[in-house]
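Chemist: turn this into a model:
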Amino acid sequence: MTLPVVNDNGVSPIVVALPGENLHDVTCRVDAIGGAANVVLAYPDKFLVGGFAREVVAKIEADGEMLTAHMKSTIDMFFDVIATTDAESIMLRFERTSSRIEEYAF
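Modeler: Numbering: from 1, shown residues only. Modelled structure (predicted):
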């Protein structure tokens, strides 16, 4: 399997998440290891992999889709939404309050 996120040193960082974890908590773990990682969503009988990267947000603003997520959304909810779209990339915006939004690219 080829992982979608590879850093400049050729390393593919991985963050493992369980389906019920808060999406925001998972993106914070991605930030903690440098802002880009392969997120592995681990179910009892399968796993799904997606690439999360903060630094590519500006590159996809023009042609990517935008998804606004509540801070309490779960990672499996997000993967479900991703599975229903044809977009190559999606920008994720977290709403904490109406005045503060964080952006991530998936």
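
Chemist: neighbours of the residue nearest to residue 20 when sequence neighbours are not counted, how many?
Modeler: Once flanking residues are discounted, residue 20 sits nearest to residue 74: 5.5 Å by CB to CB, 6 or more residues apart in numbering. For the C-beta atoms, the positions are set from N, CA and C on the backbone; glycine is no exception. For residue 74, the count of nearby residues is 20 (other CB atoms under 10 Å).

Chemist: do residue 39 as well
Modeler: Neighbours of residue 39 under the rule other CB under 10 Å: 25.

Chemist: thought residue 77 was touching residue 24?
Modeler: No: contact criterion CB atoms under 8 Å: residue 77 and residue 24 do not qualify, at 11.8 Å.

Chemist: which of those two has more residues huddled nearby?
Modeler: Using other CB under 10 Å, the more surrounded residue of residue 77 and residue 24 is residue 24, with 19 against 16.

Chemist: check contacts around that one.
Modeler: 69, 71-73, 94 (CB atoms under 8 Å, 6 or more residues apart in numbering).

Chemist: for it, give me phi and psi.
Modeler: The phi/psi pair for residue 24 (degrees, to the nearest 10) reads phi -60, psi -40.

Chemist: I'd like to know how far the residue minimising distance to the centre of the chain sits from residue 44.
Modeler: The structure's the chain has its C-alpha centroid closest to residue 52; by CA atoms, centre = their mean the separation is 4.0 Å. Residue 52 sits 23 Å away from residue 44, going by CB to CB, to the nearest Å.
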